[in-house]
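Student: what's the 3D shape of this:
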Amino acid sequence: MSTAPTSAQLAASTGPGPRGSSGPGYRRALERNERFAARFDRAGLSARPSLHLAVLTCMDARIQVEEILGLDPGEAHCIRNAGGLATDDALRSLVLSHHLLGTDEILVIEHTACGQLSFNDDDLRRRLVEATGQDGGVAFLGFSDLEANLWAQVERIRAHPWLADVAVTGLIYDVRTGRLHEVGRP
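Tutor: Next up is the predicted model:
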């Protein structure tokens, strides 16, 4: 009977991949996965979140959604992107979460000191084109007002015809204090 290679065997055998994909972060991740897999006990969890909750938040490494909200594995769907924005892909995930997996509440969590507040899309695009000689065609969606942006994301979700019956709340996480606060209508 053939068995799948362990993470450590993969790390040792794959060598450098395209653009250095097997660097120290990759190896560290696989080593840590071995420790996780050795004590893994979640095979029985359902894909349906037990709290019927979905969370849309930023990809910022300081934002540990499960820790901030006291969530255990299997309790919520967590959708992340730069800025915690209700992009088309985030909306796709929220629609699937609601209609196929039973979520009926969405929290949108943005945060203080967000990198999305630190640039202008046109300036960033210009810098990247100058550095690479190419335009990657990506919309970065930076913003200058955290509360107004959060409210816009909440409204975009509420306005979606397939999410109209879902409760949506906007919160701001303060990276200095660890506290969440709700943002009211501007």
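Student: can you give me the strands for this structure?
Tutor: With strands called from DSSP state E, the chain shows them at 53-58, 76-81, 105-111, 167-173, 180-182.
Student: Now render those strands as JSON lines, adding mean pLDDT, distance to L91 and mean neighbour count.
Tutor: Backbone N, C-alpha and C define where each C-beta goes, glycine included. As requested, these are arranged in JSON lines below (pLDDT from 0 to 100; distance: least, C-beta to C-beta, whole Å; neighbours: other C-beta atoms under 10 Å):
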{"stretch": "strand 53-58", "mean pLDDT": "98", "distance to L91": "9", "mean neighbour count": "24"}
{"stretch": "strand 76-81", "mean pLDDT": "98", "distance to L91": "10", "mean neighbour count": "20"}
{"stretch": "strand 105-111", "mean pLDDT": "98", "distance to L91": "10", "mean neighbour count": "24"}
{"stretch": "strand 167-173", "mean pLDDT": "97", "distance to L91": "12", "mean neighbour count": "19"}
{"stretch": "strand 180-182", "mean pLDDT": "94", "distance to L91": "22", "mean neighbour count": "12"}
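Student: In the protein, what helix or strand scores lowest on average pLDDT?
Tutor: Within the chain, no helix or strand scores below helix 7-14, which has a mean of 53 by mean pLDDT, DSSP states H and E.
Student: Next, the buried residues of stretch 41-55.
Tutor: Using 16 or more other C-beta atoms under 10 Å as the test for burial, stretch 41-55 gives P49, H52, L53, A54, V55.
Student: Contact partners for V129?
Tutor: Applying C-beta atoms under 8 Å, 6 or more residues apart in numbering, we find V129 in contact with D135.
Student: separation between it and G70?
Tutor: 44 Å (C-beta to C-beta, to the nearest Å).
Student: now T57, which residues is it bridged with?
Tutor: R80, I109 (DSSP bridges).
Student: Let me see the contact set for it.
Tutor: I63, V65, C78, I79, R80, G84, L107, V108, I109, E110, H111, Y173.
Student: dump the residue contacts of the last one.
Tutor: Counting by C-beta under 8 Å, 6+ apart, Y173 makes contact with T57, I63, I68, I109, E110, H111, T112, R179, L180.
Student: go again using 10 Å as the cut-off
Tutor: Contacts for Y173 (C-beta atoms under 10 Å, 6 or more residues apart in numbering) come out as 57-58, 60, 62-63, 65, 68-69, 84, 109-112, 114, 179-181.
Student: what's the answer for the third one, then?
Tutor: Contacts for C78 were tallied using C-beta under 10 Å, 6+ apart; they are 49, 53-57, 63-66, 69, 71, 93, 107, 109.
Student: Hmm, A167 is touching V108, no?
Tutor: No: if you go by C-beta atoms under 10 Å, A167 and V108 don't touch, sitting 11.4 Å apart.
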